[in-house]
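Participant: make a model of this:
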Amino acid sequence: MLETALRTILGFTILLILTRLLGKKQLSQLSVFTYITGIALGSMASEMVMQKEIRIVDGILALTLWSALVLLIEWISLKNAAARVLMDGQPTIVIKHGVILENELKKQRLNLDDLAMQLRLNQVFSILDVEYAILEPNGALTVMKKSGKNPATKEDMQIAPEASGLPSEIITDGKIVKKNLAELGYSHQQLKDELQKQGIADADSVFYAELQKDRSLYVQKRAKYGHDK
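Facilitator: Numbers count the residues shown, from 1 in each chain. Sure thing, here's the model as predicted:
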(Lines give C-alpha, C1' and ligand atoms only; values in the text may rest on other atoms or scores of the structure.)
Protein backbone atom coordinates (compact mmCIF):
# COMPACT_ATOMS: atom_id res chain seq x y z
CA MET A 1 0.00 0.00 0.00
CA LEU A 2 2.85 2.35 0.83
CA GLU A 3 4.53 1.64 -2.51
CA THR A 4 1.27 2.30 -4.38
CA ALA A 5 0.77 5.56 -2.50
CA LEU A 6 4.30 6.71 -3.28
CA ARG A 7 3.94 5.76 -6.95
CA THR A 8 0.65 7.65 -7.11
CA ILE A 9 2.09 10.81 -5.56
CA LEU A 10 5.16 10.63 -7.79
CA GLY A 11 3.13 9.96 -10.95
CA PHE A 12 0.73 12.81 -10.15
CA THR A 13 3.57 15.23 -9.53
CA ILE A 14 5.47 14.30 -12.69
CA LEU A 15 2.32 14.50 -14.82
CA LEU A 16 1.47 17.92 -13.39
CA ILE A 17 4.97 19.25 -14.09
CA LEU A 18 5.06 17.86 -17.63
CA THR A 19 1.63 19.19 -18.60
CA ARG A 20 2.62 22.60 -17.33
CA LEU A 21 5.82 22.44 -19.36
CA LEU A 22 3.88 21.47 -22.46
CA GLY A 23 1.88 24.67 -22.16
CA LYS A 24 -1.67 25.84 -22.53
CA LYS A 25 -2.02 24.39 -26.03
CA GLN A 26 -1.76 20.90 -24.58
CA LEU A 27 -4.19 21.68 -21.77
CA SER A 28 -6.78 23.15 -24.14
CA GLN A 29 -6.43 20.28 -26.65
CA LEU A 30 -6.44 22.60 -29.67
CA SER A 31 -5.91 19.77 -32.16
CA VAL A 32 -6.31 16.00 -32.50
CA PHE A 33 -2.55 15.59 -32.00
CA THR A 34 -2.49 17.44 -28.67
CA TYR A 35 -5.59 15.52 -27.58
CA ILE A 36 -3.95 12.16 -28.30
CA THR A 37 -0.66 13.13 -26.66
CA GLY A 38 -2.56 14.15 -23.54
CA ILE A 39 -4.28 10.76 -23.39
CA ALA A 40 -0.95 9.00 -23.93
CA LEU A 41 0.70 10.89 -21.07
CA GLY A 42 -2.15 10.04 -18.73
CA SER A 43 -2.00 6.40 -19.77
CA MET A 44 1.76 6.21 -19.17
CA ALA A 45 1.40 7.79 -15.73
CA SER A 46 -1.36 5.37 -14.72
CA GLU A 47 0.66 2.38 -15.93
CA MET A 48 3.64 3.54 -13.87
CA VAL A 49 1.41 3.82 -10.79
CA MET A 50 -0.49 0.55 -11.10
CA GLN A 51 2.01 -1.82 -12.72
CA LYS A 52 4.50 -2.84 -10.04
CA GLU A 53 6.74 -4.60 -12.57
CA ILE A 54 7.43 -1.26 -14.25
CA ARG A 55 10.35 0.44 -12.57
CA ILE A 56 9.71 4.01 -11.53
CA VAL A 57 12.83 5.17 -13.34
CA ASP A 58 11.55 3.57 -16.57
CA GLY A 59 8.17 5.25 -16.15
CA ILE A 60 9.78 8.65 -15.58
CA LEU A 61 12.03 8.14 -18.61
CA ALA A 62 9.07 7.26 -20.86
CA LEU A 63 7.03 10.27 -19.68
CA THR A 64 9.96 12.65 -20.06
CA LEU A 65 10.95 11.37 -23.51
CA TRP A 66 7.35 11.52 -24.75
CA SER A 67 7.02 15.12 -23.54
CA ALA A 68 10.35 16.04 -25.14
CA LEU A 69 9.17 14.62 -28.48
CA VAL A 70 5.94 16.62 -28.24
CA LEU A 71 7.91 19.80 -27.53
CA LEU A 72 10.20 19.03 -30.47
CA ILE A 73 7.27 18.52 -32.84
CA GLU A 74 5.64 21.76 -31.66
CA TRP A 75 8.92 23.65 -32.14
CA ILE A 76 9.20 22.29 -35.69
CA SER A 77 5.57 23.30 -36.32
CA LEU A 78 6.33 26.84 -35.22
CA LYS A 79 9.22 27.07 -37.68
CA ASN A 80 7.66 25.24 -40.63
CA ALA A 81 4.16 25.85 -42.05
CA ALA A 82 4.04 22.50 -43.89
CA ALA A 83 4.85 20.63 -40.67
CA ARG A 84 2.19 22.63 -38.86
CA VAL A 85 -0.45 21.57 -41.38
CA LEU A 86 0.73 17.95 -41.18
CA MET A 87 0.55 17.81 -37.37
CA ASP A 88 -2.43 20.04 -36.61
CA GLY A 89 -4.43 19.96 -39.84
CA GLN A 90 -6.11 23.04 -41.26
CA PRO A 91 -9.60 24.54 -41.24
CA THR A 92 -12.07 23.28 -43.84
CA ILE A 93 -15.00 25.23 -45.25
CA VAL A 94 -18.11 23.02 -45.17
CA ILE A 95 -20.78 25.65 -45.94
CA LYS A 96 -20.25 28.51 -48.38
CA HIS A 97 -22.89 31.15 -49.15
CA GLY A 98 -25.63 28.98 -47.68
CA VAL A 99 -24.64 25.90 -49.71
CA ILE A 100 -23.36 22.74 -48.05
CA LEU A 101 -20.14 21.53 -49.66
CA GLU A 102 -20.97 17.85 -49.97
CA ASN A 103 -17.51 16.71 -51.05
CA GLU A 104 -15.85 18.48 -48.11
CA LEU A 105 -18.26 16.80 -45.68
CA LYS A 106 -17.29 13.43 -47.12
CA LYS A 107 -13.59 14.21 -46.85
CA GLN A 108 -14.02 15.15 -43.19
CA ARG A 109 -16.38 12.20 -42.55
CA LEU A 110 -18.96 14.62 -41.14
CA ASN A 111 -22.61 13.64 -41.62
CA LEU A 112 -25.55 16.02 -41.90
CA ASP A 113 -26.88 15.22 -38.44
CA ASP A 114 -23.57 16.18 -36.83
CA LEU A 115 -23.41 19.32 -38.96
CA ALA A 116 -26.92 20.33 -37.90
CA MET A 117 -26.03 19.76 -34.25
CA GLN A 118 -22.90 21.91 -34.56
CA LEU A 119 -24.94 24.67 -36.19
CA ARG A 120 -27.52 24.58 -33.39
CA LEU A 121 -24.71 24.87 -30.86
CA ASN A 122 -23.79 28.08 -32.69
CA GLN A 123 -27.40 29.30 -32.41
CA VAL A 124 -28.03 28.73 -36.11
CA PHE A 125 -31.16 26.83 -37.11
CA SER A 126 -31.21 27.32 -40.87
CA ILE A 127 -28.56 26.69 -43.51
CA LEU A 128 -29.78 29.80 -45.31
CA ASP A 129 -28.55 31.97 -42.44
CA VAL A 130 -24.96 30.81 -42.92
CA GLU A 131 -22.42 32.70 -45.03
CA TYR A 132 -19.54 30.43 -44.07
CA ALA A 133 -19.16 27.46 -41.74
CA ILE A 134 -15.60 26.32 -41.06
CA LEU A 135 -14.63 23.02 -39.45
CA GLU A 136 -11.63 23.75 -37.25
CA PRO A 137 -8.72 21.32 -36.68
CA ASN A 138 -10.07 20.48 -33.19
CA GLY A 139 -13.48 19.48 -34.61
CA ALA A 140 -15.35 22.63 -33.55
CA LEU A 141 -17.48 24.48 -36.09
CA THR A 142 -17.03 28.23 -36.57
CA VAL A 143 -20.02 29.93 -38.16
CA MET A 144 -20.24 33.32 -39.86
CA LYS A 145 -23.85 34.35 -40.40
CA LYS A 146 -24.98 36.25 -43.44
CA SER A 147 -25.10 40.02 -43.10
CA GLY A 148 -28.43 41.16 -41.75
CA LYS A 149 -28.97 37.97 -39.76
CA ASN A 150 -27.98 39.69 -36.50
CA PRO A 151 -30.38 42.65 -36.50
CA ALA A 152 -31.45 44.79 -33.59
CA THR A 153 -33.94 42.96 -31.41
CA LYS A 154 -37.64 43.63 -31.83
CA GLU A 155 -37.70 44.70 -28.22
CA ASP A 156 -35.17 47.41 -29.10
CA MET A 157 -37.32 48.50 -32.05
CA GLN A 158 -40.53 48.22 -30.02
CA ILE A 159 -42.05 45.75 -32.47
CA ALA A 160 -44.36 42.99 -31.31
CA PRO A 161 -42.68 39.56 -31.72
CA GLU A 162 -43.98 37.26 -34.45
CA ALA A 163 -44.88 33.64 -33.99
CA SER A 164 -41.79 31.53 -33.48
CA GLY A 165 -40.81 28.35 -35.27
CA LEU A 166 -37.73 26.45 -36.32
CA PRO A 167 -36.68 25.56 -39.85
CA SER A 168 -36.44 21.77 -39.99
CA GLU A 169 -34.58 19.39 -42.26
CA ILE A 170 -36.91 17.02 -44.08
CA ILE A 171 -34.46 15.40 -46.51
CA THR A 172 -30.88 14.52 -45.62
CA ASP A 173 -28.59 12.72 -48.05
CA GLY A 174 -31.50 11.55 -50.20
CA LYS A 175 -33.54 10.18 -47.28
CA ILE A 176 -36.82 11.72 -46.12
CA VAL A 177 -36.92 12.47 -42.39
CA LYS A 178 -40.40 11.04 -41.75
CA LYS A 179 -40.43 12.07 -38.08
CA ASN A 180 -39.99 15.74 -38.98
CA LEU A 181 -42.61 15.53 -41.72
CA ALA A 182 -45.16 14.24 -39.21
CA GLU A 183 -44.27 16.87 -36.60
CA LEU A 184 -44.52 19.68 -39.17
CA GLY A 185 -47.79 18.44 -40.61
CA TYR A 186 -46.19 18.28 -44.06
CA SER A 187 -47.36 15.30 -46.09
CA HIS A 188 -45.34 13.17 -48.49
CA GLN A 189 -47.58 14.39 -51.29
CA GLN A 190 -46.89 18.03 -50.44
CA LEU A 191 -43.18 17.28 -50.45
CA LYS A 192 -43.40 15.46 -53.77
CA ASP A 193 -45.39 18.31 -55.34
CA GLU A 194 -42.94 20.95 -54.10
CA LEU A 195 -39.96 18.98 -55.39
CA GLN A 196 -41.62 18.64 -58.79
CA LYS A 197 -42.22 22.40 -58.87
CA GLN A 198 -38.47 22.82 -58.48
CA GLY A 199 -37.80 20.33 -61.27
CA ILE A 200 -36.75 17.48 -58.99
CA ALA A 201 -38.15 14.03 -59.68
CA ASP A 202 -37.58 12.41 -56.30
CA ALA A 203 -35.82 12.73 -52.95
CA ASP A 204 -32.90 10.53 -54.05
CA SER A 205 -31.38 13.42 -56.01
CA VAL A 206 -31.62 15.80 -53.01
CA PHE A 207 -28.66 16.19 -50.69
CA TYR A 208 -30.44 18.46 -48.21
CA ALA A 209 -33.92 19.99 -47.96
CA GLU A 210 -35.19 22.26 -45.24
CA LEU A 211 -38.70 23.52 -44.54
CA GLN A 212 -38.61 27.20 -43.61
CA LYS A 213 -40.81 28.98 -41.07
CA ASP A 214 -42.92 30.41 -43.92
CA ARG A 215 -43.47 26.83 -45.22
CA SER A 216 -41.25 27.41 -48.26
CA LEU A 217 -38.86 24.61 -49.14
CA TYR A 218 -35.11 25.14 -49.49
CA VAL A 219 -33.52 22.39 -51.60
CA GLN A 220 -29.90 21.57 -52.34
CA LYS A 221 -29.33 18.87 -54.94
CA ARG A 222 -26.54 16.36 -54.74
CA ALA A 223 -23.23 17.58 -56.13
CA LYS A 224 -23.55 15.61 -59.37
CA TYR A 225 -26.90 17.26 -60.09
CA GLY A 226 -25.75 20.83 -59.36
CA HIS A 227 -27.06 23.18 -56.64
CA ASP A 228 -30.61 24.47 -56.39
CA LYS A 229 -31.86 26.99 -53.82
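
Participant: angles on the backbone of the closest residue to residue 96 other than its chain neighbours, please.
Facilitator: With sequence-adjacent residues excluded and distances taken as CB to CB, 6 or more residues apart in numbering, residue 96 is closest to residue 132, at 6.1 Å. The C-beta positions use only the backbone N, C-alpha and C, and glycine is treated the same way. Main-chain dihedrals, residue 132, degrees, to the nearest 10: phi -140, psi 140.

Participant: and residue 187, how far is that from residue 119?
Facilitator: Distance of residue 187 to residue 119, given as CB to CB, to the nearest Å: 27 Å.

Participant: these two - which one has more neighbours?
Facilitator: For residue 187 versus residue 119, the count of surrounding residues by other CB atoms under 10 Å is larger for residue 119: 19 against 11.

Participant: distance of the more buried one from residue 13?
Facilitator: From residue 119 to residue 13 the distance is 43 Å (CB to CB).

Participant: residues touching the residue nearest to residue 96, list them.
Facilitator: Residues near residue 132 by CB atoms under 8 Å, 6 or more residues apart in numbering: 93, 95, 96, 97, 143, 144.

Participant: give me the buried subset of the residues you listed.
Facilitator: By neighbour count, with 16 or more other CB atoms under 10 Å, these hold 95, 143 as buried.

Participant: so which pair among the contacts of residue 132 is furthest apart in space?
Facilitator: By the measure CB to CB, 97 and 143 form the most distant pair in the contacts of residue 132, at 13.2 Å.

Participant: which strands and helices sit next to the host helix or strand of residue 76?
Facilitator: With secondary structure defined by DSSP states H and E, residue 76 is part of helix 56-79. Helix 56-79 is packed against helix 2-22, helix 32-50, helix 81-88, with contacts defined by 3 or more CB pairs under 8 Å, 6 or more residues apart in numbering; DSSP states H and E.

Participant: mean confidence score for it?
Facilitator: The pLDDT scores in helix 56-79 average 83.

Participant: adjust the sequence numbering to begin at 7 for everything that follows.
Facilitator: Yep, numbering from 7; the last one is helix 62-85 now.

Participant: which helix or strand in the chain has the lowest average pLDDT?
Facilitator: In the chain, the helix or strand scored least confidently by mean pLDDT, DSSP states H and E is helix 30-34, which has a mean of 54.

Participant: contacts only, for residue 150.
Facilitator: 136, 137, 138, 139, 140.

Participant: for the first one, what are its contacts?
Facilitator: The one in question is residue 136. 101, 104, 125, 130, 149, 150, 151, 152.

Participant: check these and tell me the two furthest apart.
Facilitator: Going by CB to CB, the pair spanning the contacts of residue 136 furthest: 125 and 152, at 13.2 Å.

Participant: these two touch, right, residue 10 and residue 54?
Facilitator: No. Using CB atoms under 8 Å, residue 10 is not in contact with residue 54; the gap is 11.3 Å.

Participant: looking at the two, which one has more neighbours?
Facilitator: With neighbours defined as other CB under 10 Å, residue 10 and residue 54 compare such that residue 54 has more, 23 against 11.
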